[in-house]
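Colleague: Show me how the following folds:
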Amino acid sequence: MIKTLDFKAPADLVEEAVMEAVPTGVNPLLGTWKNCDSATRGVVRVVITAAGKGISVRVFGACHPTPCDWGAVTGHAYSANVGSNTAIAFTATYKFDFKDTVVTGSLDRGYLTVETFDHFTDGSGRMDYYSKALCRH
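Modeller: Take a look at the predicted model:
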């Protein structure tokens, strides 16, 4: 039996290493981020925690008498470029009975800008919408 070897160029090895790298610097995103607008009708707060090799995102919306807990979902952390291991942004997706919501967040001068993109799936004819919130620790 002949054994075959798979030889790779050094550039291929570097590319594979980058593809397998997990952002280790998620710490800047972690914590509880509260909307700066206390009268918001949208996102009240976002809690980001480390989860395995990534992050978990838990969003709370404006409901009365207490905020609505959207639940925790897996989030994806992003760095500023391929050479960085420090997270500066995230995405997370929520699937509700009546809509899908993509939540994004990016750090800027100590604040977390949180954006939501809501797509209605219930056939109601409502227009999809976008919202933006500025949050701080």
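
Colleague: Contact partners for Thr74?
Modeller: By Cβ atoms under 8 Å, 6 or more residues apart in numbering, Thr74 lies in contact with Ala51, Gly54, Ile55, Ser56, Val57, Ala92. Backbone N, C-alpha and C define where each C-beta goes, glycine included.

Colleague: Neighbours of the last one, how many?
Modeller: For Ala92, the count of nearby residues is 23 (other Cβ atoms under 10 Å).

Colleague: Okay, and which of the contacts of Thr74 map to strands?
Modeller: Here DSSP state E is the test, and the contacts of Thr74 give Ala51, Gly54, Ile55, Ser56, Val57, Ala92 as lying in strands.

Colleague: The second one against Val26, yeah?
Modeller: Yes - contact criterion Cβ atoms under 8 Å: Gly54 and Val26 qualify, at 7.5 Å.

Colleague: which residues are in contact with both of these two?
Modeller: Listed contacts common to Gly54 and Val26 are Ala77; contacts here mean Cβ under 8 Å, 6+ apart.

Colleague: Which of those two has more residues huddled nearby?
Modeller: Neighbours around Gly54 and Val26, counted as other Cβ under 10 Å, are more numerous at Val26. The numbers are 22 against 16.
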